[in-house]
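Q: Fold the following, please.
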Amino acid sequence: QVQLVESGGGLVQAGGSLRLSCAASGRTFSTYGMGWFRQAPGKEREFVAAISWNGGIYADSVKGRFTISRDNAKNTVYLQMNSLKPEDTAVYYCATEMSGKYSDPDSYNYWGQGTQVTVSS
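A: The predicted structure is shown next:
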């Protein structure tokens, strides 16, 4: 069993930055791929970024603006979000990935409760 707790969301103006954190319980954290998804009101959950042993994978919509990283010693994965846009407004979720299909939410088995990010124009 893995528990994930996101933090770092908030209200920011367009062009600003936020860093999300996702703290994981469990001693097997380093064996999981980790991903971030987001869901805006009335929209489906969408892939944002993931990190594997080969590095970061990003949705086209955030490439060059967001950076995913992890600190296995702290059991934490981060999402640095720069140059934020109003369309980035959503609830952001982190999750653990099991099968290598990083952009597929069905490939993730544990999810956090989410953290709200709101970008004002």
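Q: switch to C-alpha atoms for all contacts and neighbour counts from now on
A: Fine.
Q: Now do the contacts for the closest residue to Glu87 other than its chain neighbours.
A: Spatial nearest neighbour of Glu87, excluding adjacent residues (Cα to Cα, 6 or more residues apart in numbering): Val119 at 7.6 Å. Going by Cα atoms under 8 Å, 6 or more residues apart in numbering, Val119 touches Leu11, Val12, Gln13, Ala14, Leu84, Lys85, Pro86, Glu87, Asp88, Thr89.
Q: Buried subset of these as a PyMOL selection?
A: With 16 or more other Cα atoms under 10 Å as the criterion, this PyMOL line picks the buried residues out of the contacts of Val119:
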select buried, resi 12+14+84+85+88+89
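Q: all strands for the protein, in order.
A: 4-7, 10-13, 18-24, 33-39, 46-52, 55-58, 66-71, 76-81, 90-97, 108-111, 115-120 (DSSP state E).
Q: Let me have those in CSV, adding mean pLDDT as columns.
A: Output for the strands of the chain, formatted as CSV (pLDDT from 0 to 100):
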stretch, mean pLDDT
strand 4-7, 96
strand 10-13, 98
strand 18-24, 97
strand 33-39, 96
strand 46-52, 95
strand 55-58, 94
strand 66-71, 96
strand 76-81, 97
strand 90-97, 95
strand 108-111, 92
strand 115-120, 98
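Q: For Gln39, state which of the contacts of Val119 is nearest.
A: Minimum distance to Gln39 across the contacts of Val119 is 8.5 Å, recorded for Thr89 (Cα to Cα).
Q: That closest one: what's it in contact with?
A: Ala40, Gln116, Val117, Thr118, Val119.
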